[in-house]
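K.L.:
Sharing a model that was predicted from the sequence below.
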Amino acid sequence: MLNIIRLSTIIFLSLLPLCSLARVTGPCVSCHTMHNSQDNLWVTDSGAPNPALLVADCIGCHTGQNNGINTVPYVFSTTPPQYSDTGTEADTNTLSGGNFYWVSNVDDRRGHNIFGLAGPDATLTLPPGGDATFTGQLRCAGSMGCHGDRTVSEQISAVKGSHHYKDHAIWQSGNTLATSYRMLNGIQGFGDDSYEYHPTDLQHNKYYGLDRTAEAETAEGSISGQCAQCHKFYHNGASSLTTSGTFGTGVWLRHPTDYDMSNAVSSNEYQLYNNSATYGDNIYSVISPVATADTSTTVNSKIFSQANDAVVMCLSCHRAHGSPYPAALRWDYKAWPAAGYNGCAVCHTAKN
Amino acid sequence: MFRYPFNQRSILFVVTCLYSLLVTSSLLAGEYIDSAHGSSSTGVFRPIIGNAAPAGFGYSQGNCAHCHEQHASIEGSEPLPDNGGASSYQLFANNFNTAQTTTPYSESDNFCFYCHNDSTSAQVVLNNDYSQNFGCAAQGPTTIMAAMNLRSYHNLYDVWNFAKDEFSWFTTSANPCDACHNPHLAKRNWAHAQDPTYSAISKTSDHFSLWGTSETMDSSYSTRYQPPYCSSSLTNREPAASTDAVAGRANTPDYVDFCITCHSTTNTIYSTSLGRNLIPIDWSITGNKHGLRPMDGSVGTKAPYDPTSSATDFVLSCLDCHEAHGSANLMLLRRRANGSDLTSSITSLAVKEIGLICLKCHKDDTAYGGSANRWEAVHHLISDAPYLEFQCGSCHSGTPSSNPVPCQNCHTHSGTVTRADTRGTSVGTFRIGF
């Protein structure tokens, strides 16, 4: 059944080139159908009408192959995307979130197993590190998803209005869904227009992060705080992260997030972030990016250049949607050092 | 949506390619993967992490995950050995059990023992002692934990207790082994025993660098350091049967400077094992006889410390006499020194057992027609002997034993010998101990 849906999606998209070029500011028909009927054929991907009169659901519209020109960010490809070692190289065609292709076609460990793209996780019944109760499979948005209003169960309704009212030119304050980073409700940030298609230190997402002092702080609004909604104890919680309960005074029990590396006292290796020869001259790495507490729309191209601009985040290591590598890591950590890639060394410069 | 003009985008493309190449090449090799733990062929390997599925997770040998669990979880649960939660430094088990103040140590007392132990629940790593690796001895203890469970040992609690207050990088959660070793840098020195660039040690005061790669006994002491003989044939030198003295001193890290980082004249280190503070070590020109203090008169030493050597004043490396981890002898004394094995273990300081290692370099009475490990000649009979055989009770009525006088009654790493009888023929100084 899943294959039929996928095939239908491909045929549908190929017949509707306007959809693949759709922008939320374009013709209504690019995304909506008034009667789900055209020449006496249905228009939607499933045949049934969609909420908000949409011609496709989240997956349907966001399936495709990025080429740097398309304006719809494609997060799922039906053919293997080009990822290379880190997903940032010139021959790649994935975006900042990675791609669901691998979790859909390889195994559960290579991404978030979204309903419709992958089956329920064969190993995990709950999000690792979490304490929440889940009664179904993960979806793109809504109460079982990451995007949109998580108090709304139906995922299209959960993102209502956010496409139309999105203004990419301003700092995403998280005050409304439309002003939330990537429609992650309440999350701040400043997204790259191309969604990090071939990112550079000058052209990339600006992730919001906080430098916490206590491990129980939830860091509301940070990109890692979003992940913590399901993977809580990897981010916050008493006795979850440090031996002392206070960031920077004990040693880590788990890898820190929402913590600024300039506070690290155990080693000065972080001062050479991204192979820098000089502390303070550290070029932002799109391989192992960091978040910042700065809320301006100026892209952070150097770190350690202002307060709290070297904040470790979940996305420093992981792709939110998926990658070719286990644990949806940005690089092939598992195969290293025999092969693979050591993106850890961007921060852990003494351990390359 | 903002779009780069074609030419600007092309420039970005080229810059990105060059940048990627630059970054990639910079990450291909480094100190960790050159280390003993980081090697993809001989490095760390926890079976549950490294074995192929379904027995394990299939991580490369040498990967960080063999020791560190970033989230105390892989695929939703903690890999074996499961100690019930996250551990300091994200290690897979507790780093050090500070309640274990003396031996016997078990695997769970020290994270390193999960591998440096011959019956582990992780990876069995065999390590011979210094006497064997570098001193040409036969098989002794085969693992670090086994060595540390012998009669004398570097007390891990005492190391931890001293280091946590002394060195800023050493936290209360740190592992005492880290006082001497940086696990991300240390190399397999035993596999390259004549090459000090394969150092396994880092000074406590400089934890983030290897020590001894260029700081050798040769660079520090030149010909004042005579490497001990190694093979029983007395035809080669330590370490590991180096060709000659020149090679030997060049192949030996400067262990003196390394050890006195802690065992200095100023540090106070309490020994739980001994129940007292350790004796400060003064290897300076005004300090110990085995250090830089000049020789006075004849000392009745054996080759290579006899007048046939190119130098007359010698300095020893700490590891010429001591093991680093543990020993069946007291005071971590080696079981083989200067080319031959000790005839029995040194188990008591109350008798002259310690002389069993002294005689490897110093002439006992056998050199003068007497019996082994008897020291009458050097003290009373040779030309510059310090004590006439007169008023015997001055020395031979002491405690804990007086006849013969236990070596330790006079010879230690500290203090000045108070000569009860100064009418000997020696014109030497008051003799500072070892």
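P.N.:
That came through fine.
K.L.:
A:Gln226 falls within a helix, correct?
P.N.:
Yes: per DSSP: H, G, I helix; E, B strand; the rest coil, A:Gln226 lies within a helix segment.
K.L.:
wait, what's in contact with it?
P.N.:
When contacts are counted by Cβ atoms under 8 Å, 6 or more residues apart in numbering or on different chains, A:Gln226 touches A:146, A:184, A:186-187. To be clear about C-beta, it is placed using only N, CA and C from the backbone, and glycine gets the same treatment.
K.L.:
Going by distance to B:Pro141, which of these wins?
P.N.:
Closest approach between the contacts of A:Gln226 and B:Pro141, by Cβ to Cβ: A:Cys146, at 55.0 Å.
K.L.:
Help me confirm that that closest one comes into contact with A:Ala320.
P.N.:
Yes: A:Cys146 is in contact with A:Ala320 according to Cβ atoms under 8 Å; the separation is 7.3 Å.
K.L.:
Can you get me a residue count around the spatially closest residue to A:Ser173 that is not a sequence neighbour?
P.N.:
Leaving aside its chain neighbours, A:Ser173 sits nearest to A:Thr179 (5.1 Å; criterion: Cβ to Cβ, 6 or more residues apart in numbering or on different chains). The local packing of A:Thr179 (other Cβ atoms under 10 Å in any protein chain shown) involves 18 other residues.
K.L.:
show me the residues around A:Thr179 that make contact.
P.N.:
Residues near A:Thr179 by Cβ under 8 Å, 6+ apart: A:167, A:170, A:172-173.
K.L.:
between A:Cys146 and A:Ala320, which one's more packed in?
P.N.:
More neighbours surround A:Cys146 than the other of A:Cys146 and A:Ala320, with 24 against 20 (other Cβ under 10 Å).
K.L.:
quick check, the more buried one in a strand?
P.N.:
Yes: under three-state DSSP, A:Cys146 sits within a strand.
K.L.:
Beta-bridge partners for the closest residue to it other than its chain neighbours, please?
P.N.:
Setting aside the residues directly before and after it, A:Cys146 is nearest to A:Leu184 in space (Cβ to Cβ, 6+ apart), at 6.3 Å. Beta-bridge partners for A:Leu184, by DSSP bridges, are A:Gly148.
K.L.:
So which residues of the stretch 201-350 of chain A form strands?
P.N.:
A:206-207, A:259-260, A:282-283, A:302-303, A:311-312 (DSSP state E, counting those that start in this stretch).
K.L.:
The last one vs chain B: in contact?
P.N.:
To tie it back to what came earlier, the one meant is strand A:311-312. No: if you take Cβ under 8 Å from any Cβ of the partner chain as the test, strand A:311-312 misses chain B, and the best it gets is 11.2 Å.
K.L.:
Mind giving me the packing neighbours of that strand?
P.N.:
On a contact count with 3 or more Cβ pairs under 8 Å, 6 or more residues apart in numbering or on different chains; DSSP states H and E, strand A:311-312 meets strand A:259-260.
K.L.:
is chain B contacted by the strand it packs on?
P.N.:
No: with Cβ under 8 Å from any Cβ as the measure, strand A:259-260 is seen stopping short of chain B, the closest distance being 13.6 Å.
K.L.:
Could you list the residues in contact with that strand?
P.N.:
A:209, A:211-212, A:247-248, A:293, A:307-312.
K.L.:
Any of those buried? List them.
P.N.:
Buried members of the contacts of strand A:259-260, counted by 16 or more other Cβ atoms under 10 Å in any protein chain shown: A:209, A:211-212, A:247-248, A:293, A:308-312.
K.L.:
could the strands of the stretch 201-350 of chain A go into TSV alongside distance to A:Ala339 and mean pLDDT?
P.N.:
Supplementary listing: the strands of the stretch 201-350 of chain A in TSV, determined by distance: least, Cβ to Cβ, whole Å; pLDDT from 0 to 100:
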stretch	distance to A:Ala339	mean pLDDT
strand A:206-207	29	98
strand A:259-260	30	96
strand A:282-283	26	96
strand A:302-303	29	96
strand A:311-312	26	98
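K.L.:
Dump these to TSV, plus distance to A:Cys58.
P.N.:
Listed next are these as TSV, based on distance: least, Cβ to Cβ, whole Å:
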stretch	distance to A:Cys58
strand A:206-207	22
strand A:259-260	32
strand A:282-283	35
strand A:302-303	33
strand A:311-312	29
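K.L.:
picking that back up, the contacts of A:Thr179, buried ones only, as a PyMOL selection?
P.N.:
Of those, the buried ones go into a single PyMOL selection, burial set by 16+ other Cβ under 10 Å:
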select buried, chain A and resi 172+173
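K.L.:
Go through the contacts of A:Thr179 and name the one nearest chain B.
P.N.:
Chain B lies nearest to A:Asp167 out of the contacts of A:Thr179, by Cβ to the nearest Cβ, at 12.3 Å.
K.L.:
Most proximal residue of the stretch 201-350 of chain B with respect to chain A?
P.N.:
As assessed by Cβ to the nearest Cβ, chain A sits closest to B:Phe208 within the stretch 201-350 of chain B, at 6.5 Å.
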